[in-house]
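*Asks:* sequence first, predicted coordinates after that:
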Amino acid sequence: MLRNIRILLQSVFNNKVMLVSYLIIVVLSCSSIVKLFALILKALETVPLNADMLPSLEVANRTLTTSILLFAFFLFFTYESAARAVTKNLLEPASAMRRGRPKLFFAIFFTNTILLFIINMMQLIINLIFLNGVAVYDVPIRIHVIVSILFNNFVIPCIAILLGIVAAFIKNRMRAYLFLIGIVFLISPSSRWLSYTLDGVLPGMMQVMTPFFDLFNLLPPSLDAMPNSVFGFSLLPYRLELAAIWFFGLMAVMLSLLARKRNRRASFLRLSSMILAIAALVFYMQPSSIVSFARGHRDSVMADLNYYENYAAKELLSEFVVKSCELDLRVGQMLHATVSMTVEPADLEKYQFTLYHNYKVNRVMTSDDEELTFEQDGDYLTVFNPKQLDVDSLIISYAGVSNRFFATRQGTYLPGFFCYYPRAGFHRIYDNDFEFLPLIEPSPIEFHVNIDSNLTFYSNLEKTDHNEFFGVSTGLTLVSGFYREVDVQRVRLILPSVEWRDGLFSSTWFDYVEQGMKKGIITSEIKSVFVVEPIRARSMTERMSEYSDHLVIQSFRELFEFYDQQTLPYYKQALFEILKLEERNPGEIEMRAIGVGWDPIEKNYAEEDPTTTQEWNYSFLADLFTQKGKANVLNACQHYLDNEEDTRFEMAFLLSLYDALPDLSSEQRYERDQQLLSDVLTEIDNNRGMVEQMVSSIRSTASGEQENSIEQFRISAQHLLDFDFRVLVFDILDTHGEEKGRQSIQALLDAPFQDKDIRTLLRALINGG
């Protein structure tokens, strides 16, 4: 065998085409990694190592993106090696030797794995040097990077090597190449694109085709997203099982093709490979967490978006309270939970809870071992107690997965606002605009938590033993993975392990905690702060949530900037953000309104239906500014935000202002427009070049001269030609000249109130009036 491998290696290096192609793949698979490495280290020259959240896994992420390149290369490279053995009639002489055929093709397999391993060693060395460069010496992270590269860039391409050998037995070369091209397409992200396209043409096709495409989902997921430093790269059981299905399945096929005569050893190996492949398939078909940070992946953020798109949420206040909650959790391929809750009153006919829909309830018992019937409908669980037994405690057993708020053997992210344990009452937990909504206990609950897992867990509760916690809080947060904890003053920080640079903890975090205390955000009640990396968090809740005893945040900078916003109900947060934007950049609302097609001349916004309107909130605000006065509208908006009893949604509130606020009188509008016109003249005097450039852009967009001009922007620009004071002023200056035009505009500014509005008078000047 060793002699055959040596001969095959020599043949590769003696064949100019094969040698050049191999050297090219070595360069391609390493050069982009080195380039990124250099860019990051150069950036670090201006950033101190103790700066928070520096890039640590980007080079590893770039390394894993070469997995498809290595897979495709060794698929065809191995095919050519094996096909040469077939076409040069080496099979017959090999068959004359004892186990000659298997030895020949196993030699081809090992020869290519050696060539692959050389590339892997180079990639590993680059990554370890980079981790040294950014001073990340955390051993678990280093082991994870090494294992991830070996699995994705060595084991997965080894499957390609086996496929190449099997393809060599296809006699027609054209068919063999079509087979190999088809395999590359199916494992690539392009196959996902095909399933989405088919679903657009034939609705429901994606649901049918997805299980088939999933069998080819060998490549590492989420490489189009930023790497998550606390979860790392997916090495979850389902990926290992899928790789085992392919590896042992192909091994069985290859042995079947090679063993012409009855051979006990070959038969035993073939049978063993088949058994292992079937066993891996059985395990693979079991429900399992699939953590993907790519937005297009059906099993991640898109899964919830698609599920809730046509889901009817319920709202029902609870008739009971939960006094205490004991959770026994087992984290494996999915989350298994047994939750014992003390409820009060204890003799209701039914108890209604909210529990995330992917957690399926198995049984409900009382503390007296009496089994109760239940009904689970989406996120809502109803437990029936028709005999009105004194239940004292309800014991609910369930299991399932959530791929966004995950609990896996590799890491866990279960924030306190998420319904991974039953919550009293029926609640809306998702909104298609705001995504996951905060569901925080109205009053503190006593928790006792026991977790069966191979990982070390961190919680906001006091730790009583390994992975056991006890305490009182308005929410239970559990995380595991690449985390560490440190005490800063009196606050416990749970941070990503990569924040320990050069084995030391960054002083920046001390400054953050001190700043949070001075701002009154980290109060004496806050005992813990979790700094997490949620999956594609869009809602404020997922980036920042506050409980009676802890905070869960994405970054301290966001905490300081958006703390006031996250304290508001989710349906008020968008308006709050708009008002802050206007405060920083006066006039921004009107500009954005025009950009999204605000048209006060042709449209009557006051008649819009708040539940069905497709108009933007910017348009409503700009329209209200025009009719009611900007100061009046902004004051009303601030009162709405401050009024906790006002539970109307933003659009309903804005539409109510058309009746609630008096219209500006014609004289008030005239005086307001005079001031706006004066401000435009001042802006032109201070920065004429920038204003001229903006007006030129509006004109070219309106005329359609700009390439790739979006129709909506073109229509908005046409509206600006007749509405925007800057455009009107420059039209007058172009028509009458600088001096005369200025005099005419100044006369309007000095003139007393007239029946016509300012814009009408300006247009008259343009037309020679």
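*Replies:* Received, thanks. Since this is a predicted model, take the numbers as computed values, not measurements.

*Asks:* low-confidence stretches in the stretch 501-650 of the chain?
*Replies:* Applying pLDDT under 70 to the stretch 501-650 of the chain flags the ranges 501-506, 535-538, 600-602.

*Asks:* no, scratch that, I was asking about the stretch 351-500 of the chain
*Replies:* By pLDDT under 70, the low-scoring segments of the stretch 351-500 of the chain are 432-434, 500.

*Asks:* let's see it at 90
*Replies:* Applying pLDDT under 90 to the stretch 351-500 of the chain picks out residues 367-370, 385-393, 401-406, 428-439, 442, 484, 486-490, 495-500.

*Asks:* residues in contact with stretch 522-529?
*Replies:* For stretch 522-529, contacts defined as C-beta atoms under 8 Å, 6 or more residues apart in numbering pick out 460, 490-494, 513, 516, 548-551, 553. In this view, the C-beta of every residue, glycine as well, is placed from N, C-alpha and C.

*Asks:* and which of those is nearest Tyr22?
*Replies:* Taking C-beta to C-beta as the measure, Tyr22 sits nearest to Ile494 out of those, at 46.4 Å.

*Asks:* check which helices and strands the helix or strand where the closest one lies sits against.
*Replies:* According to DSSP states H and E, Ile494 maps onto strand 491-496. Packing partners of strand 491-496 (3 or more C-beta pairs under 8 Å, 6 or more residues apart in numbering; DSSP states H and E): strand 483-488, helix 507-518, strand 528-531.

*Asks:* state the distance from Cys30 to Ile119.
*Replies:* In this view, Cys30 and Ile119 are 7 Å apart by C-beta to C-beta, to the nearest Å.

*Asks:* same drill for these two, tell me which one is more crowded.
*Replies:* Ile119 (22 against 18; other C-beta atoms under 10 Å).

*Asks:* in the strand or helix carrying that one, what's buried?
*Replies:* Using DSSP H and E, Ile119 sits within helix 100-133. Neighbour-count burial for helix 100-133 flags 100-113, 115-117, 119-120, 123-124, 126-127, 130-131 (criterion: 16 or more other C-beta atoms under 10 Å).

*Asks:* let me see the ranges of the strands in the stretch 451-600 of the chain.
*Replies:* Using DSSP state E, counting those that start in this stretch, the strands of the stretch 451-600 of the chain run over 457-459, 462-465, 468-473, 478-480, 483-488, 491-496, 500-501, 504-505, 528-531, 544-546, 550-553.

*Asks:* isn't there a helix covering Glu446?
*Replies:* No. Glu446 is assigned strand when assessed by DSSP: H, G, I helix; E, B strand; the rest coil, not a helix.

*Asks:* verify the contact between Ile758 and Ser666 for me.
*Replies:* No. Using C-beta atoms under 8 Å, Ile758 is not in contact with Ser666; the gap is 11.3 Å.

*Asks:* those two: who's more crowded?
*Replies:* Neighbours per residue (other C-beta under 10 Å) separate Ile758 from Ser666, with Ile758 holding more: 23 against 13.

*Asks:* how far away is that one from Leu478?
*Replies:* For Ile758, the distance to Leu478 equals 61 Å [C-beta to C-beta].

*Asks:* same thing with Ser234?
*Replies:* Distance of Ser234 to Leu478, computed by C-beta to C-beta: 20 Å.

*Asks:* of the two, who's got more company?
*Replies:* Leu478 (26 against 23).

*Asks:* residues contacting the more buried one?
*Replies:* 329, 407, 412, 414, 449, 451, 457-459.

*Asks:* out of the residues you listed, give me the one that has the most neighbours.
*Replies:* Busiest of the contacts of Leu478 [other C-beta under 10 Å] is Ala407, holding 29 neighbours.

*Asks:* is it true that Glu683 touches Glu692?
*Replies:* No. Contact between Glu683 and Glu692 fails when scored by C-beta under 8 Å: they sit 11.1 Å apart.

*Asks:* so between those two, which is more surrounded?
*Replies:* Using other C-beta under 10 Å, the more surrounded residue of Glu683 and Glu692 is Glu683, with 17 against 13.

*Asks:* following the host helix or strand of that one, which helix or strand comes up?
*Replies:* Assigned by DSSP H and E, Glu683 belongs to helix 666-686. Counting by DSSP H and E, the element after helix 666-686 in chain order, helix or strand, is helix 688-703.

*Asks:* how is this structure divided into domains?
*Replies:* Per automatic domain parsing, the domain ranges recorded for the chain read 2-235, 306-566, 570-663, 667-766.

*Asks:* so which of those domains is nearest Ala280?
*Replies:* Of all the domains of the chain, domain 2-235 sits nearest to Ala280, with 11.7 Å by C-beta to C-beta.
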